[in-house]
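Visitor: got a sequence here, can you model it:
(4 chains)
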Protein chains: 4
Amino acid sequence: MMRILIDEKGKKFIAGEGDLHTNFGYIKKEDIDNSSDGQVLETHMGHKFTILKPSINDYIDLMERKCSIILPKDIGLINAYTGLGCGSKVVEAGTGSGATALYFANIVGPTGEVFSYEIREDFTEIARNNIHKFGFKNVSVKNQDINKGIDENQVDMIFLDMPEPWNVVEYAVNSLKVGGYLAAYNPYIEQMLTLNKVMKKNSFSDIRSFECILREIEIKVKGTRPKTRMVGHTGYLTFARRL
Amino acid sequence: MMRILIDEKGKKFIAGEGDLHTNFGYIKKEDIDNSSDGQVLETHMGHKFTILKPSINDYIDLMERKCSIILPKDIGLINAYTGLGCGSKVVEAGTGSGATALYFANIVGPTGEVFSYEIREDFTEIARNNIHKFGFKNVSVKNQDINKGIDENQVDMIFLDMPEPWNVVEYAVNSLKVGGYLAAYNPYIEQMLTLNKVMKKNSFSDIRSFECILREIEIKVKGTRPKTRMVGHTGYLTFARRL
Amino acid sequence: MMRILIDEKGKKFIAGEGDLHTNFGYIKKEDIDNSSDGQVLETHMGHKFTILKPSINDYIDLMERKCSIILPKDIGLINAYTGLGCGSKVVEAGTGSGATALYFANIVGPTGEVFSYEIREDFTEIARNNIHKFGFKNVSVKNQDINKGIDENQVDMIFLDMPEPWNVVEYAVNSLKVGGYLAAYNPYIEQMLTLNKVMKKNSFSDIRSFECILREIEIKVKGTRPKTRMVGHTGYLTFARRL
Amino acid sequence: MMRILIDEKGKKFIAGEGDLHTNFGYIKKEDIDNSSDGQVLETHMGHKFTILKPSINDYIDLMERKCSIILPKDIGLINAYTGLGCGSKVVEAGTGSGATALYFANIVGPTGEVFSYEIREDFTEIARNNIHKFGFKNVSVKNQDINKGIDENQVDMIFLDMPEPWNVVEYAVNSLKVGGYLAAYNPYIEQMLTLNKVMKKNSFSDIRSFECILREIEIKVKGTRPKTRMVGHTGYLTFARRL
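Guide: Next up, the predicted model:
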């Protein structure tokens, strides 16, 4: 079972296979192993670290990432609109570093399954490693081109984060169970439009596209205001349902 | 197991304890019971209805609702930021019609638990009934004032949708497990500010407030554009973590 | 010189050629004529009306309007980005009810000029009438198809609010003075994209497109929040400069 | 009369009192003086520069600026909501580097007037210099504390960009003509709320607060999308009217 340590400033460290060495001193592996969640350990220099079982977000922040990941605002919308839940069967592509696979796996749990397609071998390795380290056993990362077909059937949700998701729509019809959802994430308007057209041709229902704009509110002594700088755009989310 | 029928225009009906009667004719209960998901049944007038196991969103749309509910955009953000997953233990207040309890229950699954506090007896009844009908057994709706305390311990996430959430913050500290999240939904800026202050006083970490603006994109023959009318504001979401 | 009267609830009335008759009684034309701005007159029923020289916004609210008009948020952005000022020479199409022509005329003043092209005769009449009533003499409404050419030269700003503005771009090059701006308002993304392409082909500089999202903040005793309902989209504004 | 030169990459230079020296060679003052707007001059190294009378935005980009300035999106909204036009009489505080004074002066023209209050002597000097160089004669920069009173009467619009604008509201009532507008720009919600309260106490009408969110759309070969990074917040704009 993975554990992390958080220092006094909020910086997080994964407890690894040896002692933990930081700029504020070290903590022995033995002490970490013998501590319980929430316990505070001190380095030899007197700095305090809190021991914790990481949340899925802690872990995704800390794990190896070789490409940009989808933000919580977008993952949350996907989950909420498709009704993803414990026990759901999910197919997704591409895997990337495995962040969305981890999010989905966290929700579908041991009785659910996540099949994640990735065309690049290096990403496949990184993702498999990331997922393995976190201890999830409900994810299969497949080094396979989803443009050539989807092996799974009776799927609850298919999520596509790839440059030309429209090539997969026809496979998705057969792979989804009736009532299942196809979701896609596209940075560009042109992608969203092509996808929309192909979804219509393939008789998908309830086709809708959204963008989710997240504003953080800054509450300081000086006053309250939305943050000066913000992410203006990540991607458009398109949802469709097989009926 | 609950099932729904969707007519040719997308209108949904819960399959109840008798025959289904609609403006487009009726379908016998027997035929519904003997059909499988995705099968298409015809009314005596020849109109087609698709049989379906409802998604959580289908059901929340159809169930009895006596008060406004939190939108998927906000529920999604709560789930994503707090890392809610299969097996999580959740406390929430107030229950209302039970929509958020259902969303949470759908994710935490049979190995998780949702404890939902509701001060009004009528809402408690409606929510219990809504949850029972859908078949979830992992939700306890408690007709109890959360301002007087939280019974549960080692909770992963507490969600507050109530006018004065700050009264509960002190209880939340003890109820949450280390690393657990407190989340709140407030329509007004003043509420967000008071909550923020009380969270700080109670040594919560990572206190952040957001608003989530969802824009739907309209794709028509005439052209593509964000919808002319949109929801401008629902509520501010505030997150904090016990460390 | 036009004047208006504002009742106790903020409702506005144009002072016309006879007595003013309202649901709250009447006021004699003579009394209106003899009053000065800011003076309060009473109807025979004792209700109070304030006499005022209307602002441009007062007048546009009150005048005859047969089609939707561009909102202040968008007009403001056009004026600010193109540096419209007193003395500027403006060409616009189509005129519609004359609202934008009035906005521009208000800024360019007697030493400036507004030439407004309108293909429909009925709109031309309405706009001329609206502009005449307000007393502006610096606007020429031309019942002429701008797709066939622009008569004016050495123009500071050309504003296009029409379904296919790209047909006019080539004429705009010759009509604008060096350093002058071409601005366009398009509800649809596809229009914006076509216009952008044609602007590039015609060697325009500084081509930029924007959308302006205006949120009103509601300040009530209950609390402060952005309005629940808002205008989600009006149109994209595209600017380009002849260099 | 001020003129600027724009190089092949869009970089702008003010034509000063001597020859223009750039990294791409020099152009003689004599040649600049003898050229007409839009003419292209070459440096001794063969690089092309276009001669131009600067727009107000060109100039504000080039002039000396010692503090942050209000963006066109906000200036535009102020002008549009208050109906600022040729001939208007404006009071503003604080002057800063003079950018808003220049914007207003550009619109009100020679028959209008701008009175700009600035408490700091250094800013007063910079602003006066900036305005003088551009050739505007309708602006008076007053090194005077507006918190002690407003000298002007029958003013069409008062604009306040200062930390505690509420101190000026009472003076504004007497200074504005009937129908005139008070506008204010405040980064923080708390400022907006205090201002709103004081405006109500002083019997202002039509009090409304807004925020203007501007999104730029990026149109590239790869595709179209809102820019990834954007300004999330500048300030709240509050408008009120004396009736």
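Visitor: what helix or strand does residue A:41 sit in?
Guide: strand A:40-42 (DSSP states H and E).
Visitor: would you mark the buried spots in that strand?
Guide: For strand A:40-42, the neighbour count (16 or more other Cβ atoms under 10 Å in any protein chain shown) marks residue A:41 as buried. (C-beta placed from N, C-alpha, C; glycine too.)
Visitor: show me where chain A has helices.
Guide: A:29-33, A:56-62, A:72-82, A:99-108, A:121-134, A:169-175, A:189-201 (DSSP state H).
Visitor: about what we covered before: neighbouring strands of the strand holding residue A:41 in the sheet, and parallel or not?
Guide: Using DSSP bridges, strand A:40-42 pairs in its sheet with strand A:48-52 (antiparallel).
Visitor: spatially nearest residue to residue A:188 (excluding sequence neighbours)?
Guide: Using Cβ to Cβ, 6 or more residues apart in numbering or on different chains and skipping residues adjacent in sequence, the residue nearest residue A:188 is residue D:223, 2.9 Å away.
Visitor: pLDDT on stretch A:129-149, on average?
Guide: Mean per-residue pLDDT for stretch A:129-149: 97.
Visitor: meant to ask about stretch A:180-195
Guide: Rounded mean pLDDT across stretch A:180-195 is 98.
Visitor: can you give me the end-to-end span of it?
Guide: Terminal residues of stretch A:180-195 lie 17 Å apart, using Cα to Cα, to the nearest Å.
Visitor: try stretch A:78-95
Guide: Taking Cα to Cα as the criterion, the two ends of stretch A:78-95 lie 16 Å apart.
Visitor: go ahead and confirm the residue nearest to residue A:188 touches residue A:191.
Guide: Yes: with contact defined as Cβ atoms under 8 Å, residue D:223 counts as touching residue A:191 (6.6 Å).
Visitor: what's the local residue count around the closest residue to residue A:113 other than its chain neighbours?
Guide: Closest residue in space to residue A:113, ignoring its immediate chain neighbours: residue A:89 at 5.0 Å, by Cβ to Cβ, 6+ apart. Residue A:89: 22 surrounding residues under other Cβ atoms under 10 Å in any protein chain shown.
Visitor: ok, residue A:89 - contacts?
Guide: Contacts for residue A:89 (Cβ atoms under 8 Å, 6 or more residues apart in numbering or on different chains) come out as A:108, A:112, A:113, A:152, A:154, A:155, A:156, A:157.
Visitor: repeat for residue A:140
Guide: A:113, A:114, A:115, A:116.
Visitor: need the contact list for the nearest residue to residue A:190 once chain neighbours are set aside.
Guide: Spatial nearest neighbour of residue A:190, chain neighbours left out: residue D:223 (4.8 Å); criterion: Cβ to Cβ, 6+ apart. Counting by Cβ under 8 Å, 6+ apart, residue D:223 touches A:187, A:188, A:189, A:190, A:191.
Visitor: show me the domain layout of chain A.
Guide: Per the record, chain A has its domains at A:4-54, A:59-241, by automatic domain parsing.
Visitor: what about the longest one, start to end distance?
Guide: Across its full length, domain A:59-241 reaches 31 Å end to end, with Cα to Cα as the criterion.
Visitor: same question for stretch A:8-22.
Guide: End-to-end span of stretch A:8-22 (Cα to Cα): 12 Å.
Visitor: looking at it now, give me its mean pLDDT.
Guide: pLDDT averaged over stretch A:8-22 gives 90.
Visitor: next one: stretch A:155-169
Guide: Averaged over stretch A:155-169, pLDDT sits at 98.
Visitor: how far does it sit from the chain's center?
Guide: Distance of stretch A:155-169 from the chain centroid (Cα atoms, centre = their mean, to the nearest Å) equals 16 Å.
Visitor: do the same with stretch A:21-35
Guide: 29 Å.
Visitor: same check, this time on stretch A:48-55
Guide: 21 Å.
Visitor: same deal with stretch A:152-171?
Guide: Per Cα atoms, centre = their mean, the displacement of stretch A:152-171 from the mean C-alpha position of its chain is 17 Å.
Visitor: contacts for it?
Guide: A:70, A:78, A:82, A:84, A:88-94, A:96, A:100, A:104, A:115, A:146-147, A:149-150, A:172, A:174-177, A:180-186, A:191, A:194-195, A:197-199, A:202, A:204.
Visitor: where is the longest strand in chain A?
Guide: Assignment by DSSP state E gives strand A:205-220 as the longest strand of chain A.
Visitor: just the buried residues of that one, please?
Guide: A:207, A:209, A:210, A:211, A:212, A:213, A:214, A:215, A:216, A:217, A:218, A:219.
Visitor: just stretch A:136-144 next, same as before
Guide: For stretch A:136-144, the neighbour count (16+ other Cβ under 10 Å) marks A:136, A:138, A:139, A:140, A:141, A:142, A:143, A:144 as buried.
Visitor: report the two of those separated the most.
Guide: By the measure Cβ to Cβ, A:136 and A:144 form the most distant pair in the buried residues of stretch A:136-144, at 19.4 Å.
Visitor: show me the contacts for the closest residue to chain C within chain A.
Guide: Using Cβ to the nearest Cβ, the single residue of chain A nearest to chain C is residue A:189, 5.9 Å away. Residue A:189 makes contacts with A:236, B:224, C:189, D:223, D:224, D:225, as judged by Cβ under 8 Å, 6+ apart.
Visitor: so what's the residue count around the first one?
Guide: Counted with other Cβ under 10 Å, residues neighbouring residue A:236 total 25.
Visitor: bridging residues for it?
Guide: For residue A:236, the beta-bridge partners are residue A:186 (DSSP bridges).
Visitor: you'd agree it is up against residue A:210?
Guide: Yes: contact status for residue A:236 versus residue A:210: in contact at 7.0 Å, counting by Cβ under 8 Å.
Visitor: how about residue A:124, nearest residue that isn't a chain neighbour?
Guide: Nearest non-adjacent residue to residue A:124, counting by Cβ to Cβ, 6+ apart: residue A:143, 4.1 Å away.
Visitor: quick check: that neighbour touching residue A:122?
Guide: No: assessed by Cβ under 8 Å, residue A:143 is found out of contact with residue A:122, at 9.8 Å.
Visitor: what's across from residue A:22 in the sheet?
Guide: residue A:25.
Visitor: contacting residues for it?
Guide: A:7, A:13, A:43, A:47, A:49.
Visitor: who's in contact with the residue lying closest to the first one once chain neighbours are set aside?
Guide: It stands for residue A:7. Nearest residue to residue A:7 in three dimensions, chain neighbours excluded: residue A:49, at 5.5 Å (Cβ to Cβ, 6+ apart). Under the criterion of Cβ under 8 Å, 6+ apart, the neighbours of residue A:49 are A:5, A:6, A:7, A:13, A:20, A:22, A:27, A:40, A:41, A:42, A:43.
Visitor: tell me the pLDDT at residue A:49?
Guide: pLDDT for residue A:49: 93.
Visitor: any idea what it is bridged to?
Guide: residue A:41.
Visitor: which bits of chain A sit near chain C?
Guide: residue A:189 (Cβ under 8 Å from any Cβ of the partner chain).
Visitor: ok so, going back, are any of the contacts of residue A:89 buried, and which?
Guide: Buried subset of the contacts of residue A:89 (neighbour count, 16+ other Cβ under 10 Å): A:108, A:112, A:113, A:155, A:156, A:157.
Visitor: what's the closest of those to chain D?
Guide: For the buried ones among the contacts of residue A:89, the closest approach to chain D (Cβ to the nearest Cβ) belongs to residue A:157, at 24.9 Å.
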